[in-house]
Structure formats: C-alpha cells, structure tokens
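Student: Sharing a model prediction with you, sequence too.
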Amino acid sequence: MVLESLSDALRNALKKIALLGRIDEASIKEVVRDIQRALLKADVNVKLVLRVTNNIEKRALSEKVPPGINPREHVIRILYDELVQVMGQGRSLPLDKQRIMLVGIYGQGKTTSAAKIARFLQKKGLKVGLVQADTHRPGAYDQLKQLAGQIGASFYGDKEEKNSVKLVKRLLAQTEKKDVLIIDTSGRHRLEKDLIDEMKSIAEVGKPGERLLIVDSTMGQAAGEQAKAFHEAIGLTGVVLTKMDGSAKGGGALSSVAETEAQIVFVGTGEKPDDIEIFDSTRFVSQLLGMGDLRTLLEKAQETTDMGKAEETAKKIMSGKFTLRDMYDQMETVMKMGSLKRIMDLLPIKAFPKEVDAEQSQALLKKFKVIMDSMTEAELEEPKIIKSSRIKRIAGGAGVKEEDVKLLLRQYNASKKAVKGVMSNRRARKALMKQLNFEE
Ligand SMILES: Nc1nc2c(ncn2[C@@H]2O[C@H](COP(=O)(O)OP(=O)(O)OP(=O)(O)O)[C@@H](O)[C@H]2O)c(=O)[nH]1
Ligand SMILES: [Mg+2]
C-alpha cells in the first residue's frame, strides 16, 4: 500500500465518523482537524491543506444531505470529493500505436519506467520497442537492453553514438513494425538549459505523441516544480511518479503535481517491471480511505444526478422520439450507475441483453459507440433506413462484423418496442409518470 500512514490516519478519521452519535458542528470540526494533521504529515502543502479542510468543513456544515444517503455518508462523500481534488484527476494513457518519450533529471526512474510502461502496454496486446537515447550515462545502454530482454520487448540502441538527436533519428528508422516505441533519454543533476535543449531537439525528430515526465515522489513538493518547469519547456502530456512504495512524501508529490497543468498517468511502486499502477484518483482515494464500498456509496449519490439524465431521456421518449442516440445515452447511464436494476425499474428499456454481464456490457457499449461513430446523422435519428448496404458500409467503417451492427439494431428495435408498449398502455404509462414524478 502506498502512503500507508496517510491511509491509516484517514481510516481512523472515517472510523470516528462512523462512531459518532450524531453529526454536529463540534464533531465535524474534530474530524477535520484529524484530516488536517494527516495531510500535513503526508507532506501536502500547508496552504492546500487549509484550503481543502476548510472546504470539507464548510460543505459538511452547509450542504443539504442529498436524498438516499445518510448524514454520515454525506460527510464521507465530501471528504472523498475534496481528496480527489487534492490528488488530481489523473489521465489514462491511450492504448494506441504511438511514440512515448520519457524525460527527467538523474535517477528519477526513467529507464526503469520505460520497461514498466512497456510491460503495461504489452499486457494490453501492443508490440513495444524500447529506444535508448541516453548518450550520457555509460551504463544506460546495457541497463535498458537487459530490461528489454527481461520483458521480451525489442531494443534499439547504439553504444558508440554520442549525439542523441542523430541517434534517435537513425534508430526510429529501424523500428517500423512496432505499435509503441518508448524513448528513454538522459538526465542531468538538475533541470539545466542543456537538458531542455536536448529534449526539445529529440522531441522534434522523434515526434512523440506522449511526453512523460518521470519524477521521484520522494522529492515531495519539489515534484510539482519539476512538472511545471518541464511542462513549460516541452509540453508534458503526463507525469509518472516513481518510488511511491514507502514514500512518506508521496502526498506532497501527488498534490503538488496536481496543482500544475500536468496530469499524473502512472505511479511506480517498486523496482520491477510489473511495479506500476495506472493513476485513477477515484480508485486511489478509495484505497487510501480503505473503503471497499466507497464506490457503492458514490454511486448511490451519483444516482440522484443520473436520475436527472434518465428523466431527460424519459421526457424525450414520452414525446414519442426514441433515437439510437437516446438508447446509447441510456446504456451509458446504466453503465455509470453500475446497477442495472434501478434504471430498469425506471424505464421500460432493455438496456442490455439479459445474458450479458457487467464486463461484457462495457465491451459491448464500446463496440456500439464505435459503430455509431460510423453512422450518419440521418441514420442515428432514423435507424429504420439502415438496410443491408448501409450495414455493410457501417461495419466496414467501424471495423466490426456486420453481425455486430445487426445486434445493435436488434437491440434498438427491442428497446423501441418496449417503450412503445409502455406508452400505449395507459396504466403502465401512468405508473411510469408517477415514478418519475411527472404530471401528465
Ligand atoms: N523502490 C522503487 N525504486 C525505483 C522505482 N523506480 C525506479 N527505482 C529505482 O531507482 C533507481 C534509478 O532508476 P533509473 O530507472 O535508473 O533512473 P533514471 O531516471 O533512468 O536515471 P538516469 O538514467 O541516471 O538519469 C534504480 O535503482 C531503480 O531501481 C520505484 O517505483 N520504486
Ligand atoms: Mg536512465
């Protein structure tokens, strides 16, 4: 577990909330003080700590508890919200064919991270090549070559070449067949103009879509300064925070990076190629708080928001319109809520074929999205017009089987029929209206 002591302290604060007889001003203030101490100990910047703890206190005391959750859950939700703010949203690396360039000063974990990211992408089915562009450190070539051997990735390098820009240009010409190329670069003792100039030139010839800063989280709040400086110099697309395993200053590193424009993509949690985690703040904060059921709680609260969206769709349906897009929105809402039941109660739509489980639903929804992206506006509005030649074109455009397009259309027709059925049955219609609190 990363940030163990922060996690322990936050868990204790949560326990306290759970044990409170009632949530009042004094008890909230006490819990907020605990959280304050915990964040400060984890190296989060004092000003930031004061800002979030003030927010937590203010919101807990003034916001109305949404329907469906109790006051205790409400406080936990606010705490969660604010912690996510502190840690930053994070960004996920696209799983596409691409070039990724790693930058950073000495010893931050660039070379190790090159292998870790490669391994991560290999597991997603991509062919990865590692390119060694560090012409400064004598051991760099062997280090990356050895790591590449360990994970079964191709390695490109030249021990003799001293000009990294020329080297990158030449090596990239040999790497045609790889999906992803990860370029390891050299560091310096600190951020020097010489390093920035070299990185700019490598970026120019290498044209990497991703430029990731590798920064050691034991640097604490200085990580944010690094992120800011590199971002201004070469436009970072993300940050990898390494050595989060057992780093007491991880909170400082995370929060200080979150305050810059750069987003955290991965955290490194050890020396081995497998010791890497994608950074997703919902998951991260849930782990910190040690709440397995936090997601359920959040969903419960989210439900009230999603209900609004569901109502919108329902209103459209009432007006007699039900397009493919409405169906897709509907499915997406269902996915987000994580529970089919509630919305199924609410709307007469067959959101997914019965035999499909949650994971398959995700995949199916993704596929439907791709298919719908290949449709014209007219087709989305009036799916009736989609006959076999259009199916063929759409399948081709989306890179799926014609059967998949047909499945989507069947799904749509079934949903539409269900909607129509309810709409033409006065009693069912009334019941639905009532459920939605609509006046007819
Ligand atoms: N515990 C731990 N150690 C790490 C992690 N990432 C890297 N290291 C270690 O940190 C040290 C430096 O890592 P490198 O990958 O060589 O760093 P670099 O940025 O390439 O360094 P230079 O090439 O000298 O600029 C090595 O001993 C790594 O094993 C991590 O996430 N956790
Ligand atoms: Mg290195």
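Tutor: All right, it came through fine. Ligands and ions are numbered 1, 2, ... in the order given.
Student: And Leu14, its phi and psi?
Tutor: phi -60, psi -40 (degrees, to the nearest 10).
Student: Could I get the average pLDDT for the helix or strand hosting Phe120?
Tutor: Using DSSP states H and E, Phe120 falls within helix 110-123. For helix 110-123, mean pLDDT is 96.
Student: quick one: that helix near ligand 1?
Tutor: Yes: Helix 110-123 reaches ligand 1 (CB under 6 Å from any ligand atom) through 110-112. C-beta here means a position set from N, CA and C on the backbone, and glycine is covered the same way.
Student: Export those as TSV, with columns for distance to ligand 2 and neighbour count.
Tutor: Below are those laid out as TSV (distance: CB to the ion, whole Å; neighbours: other CB atoms under 10 Å):
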residue	distance to ligand 2	neighbour count
Lys110	5	26
Thr111	3	25
Thr112	8	24
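Student: what about Lys124, how many residues close to it?
Tutor: Summarising burial for Lys124: neighbours were counted as other CB atoms under 10 Å, giving 11.
Student: any weak-confidence spans in the stretch 151-300 of the chain?
Tutor: Scanning the stretch 151-300 of the chain for pLDDT under 70 picks out the ranges 291-300.
Student: List, one by one, the residues from it near ligand 2.
Tutor: Within reach of ligand 2 by CB under 5 Å from the ion, the stretch 151-300 of the chain has no residues at all.
Student: Put the alpha carbons of stretch 122-132 into CSV.
Tutor: Provided in CSV are the C-alpha atoms of stretch 122-132 (Å, rounded to 0.1, in the frame of the first residue of the first chain):
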residue,chain,number,x,y,z
GLN,A,122,2.4,-5.4,-23.8
LYS,A,123,-0.2,-6.7,-21.4
LYS,A,124,-2.8,-4.8,-23.4
GLY,A,125,-1.6,-6.6,-26.5
LEU,A,126,0.6,-4.0,-28.0
LYS,A,127,4.0,-4.7,-29.6
VAL,A,128,6.5,-2.4,-27.8
GLY,A,129,10.1,-1.4,-28.7
LEU,A,130,12.5,0.4,-26.3
VAL,A,131,14.7,3.0,-27.8
GLN,A,132,17.8,4.1,-25.8
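Student: Could you say which helix or strand holds Ala227?
Tutor: Taking DSSP H and E as the criterion, Ala227 maps to helix 222-234.
Student: and what of Met101?
Tutor: Going by DSSP H and E, Met101 is in strand 98-103.
Student: Okay, angle between that strand and helix 110-123 too, please.
Tutor: Strand 98-103 runs at 160 degrees relative to helix 110-123, counting by axes from the mean of the first three to the mean of the last three CA atoms, to 10 degrees.
Student: tell me the SS of Lys145?
Tutor: On the three-state scheme (DSSP: H, G, I helix; E, B strand; the rest coil), Lys145 is labelled helix.
Student: nearest spatial neighbour of it, skipping sequence neighbours?
Tutor: Nearest non-adjacent residue to Lys145, counting by CB to CB, 6 or more residues apart in numbering: Phe155, 5.0 Å away.
Student: what sits against that neighbour?
Tutor: Contacts were defined as CB atoms under 8 Å, 6 or more residues apart in numbering; by that measure Phe155 touches 129-130, 132, 144-145, 148-149.
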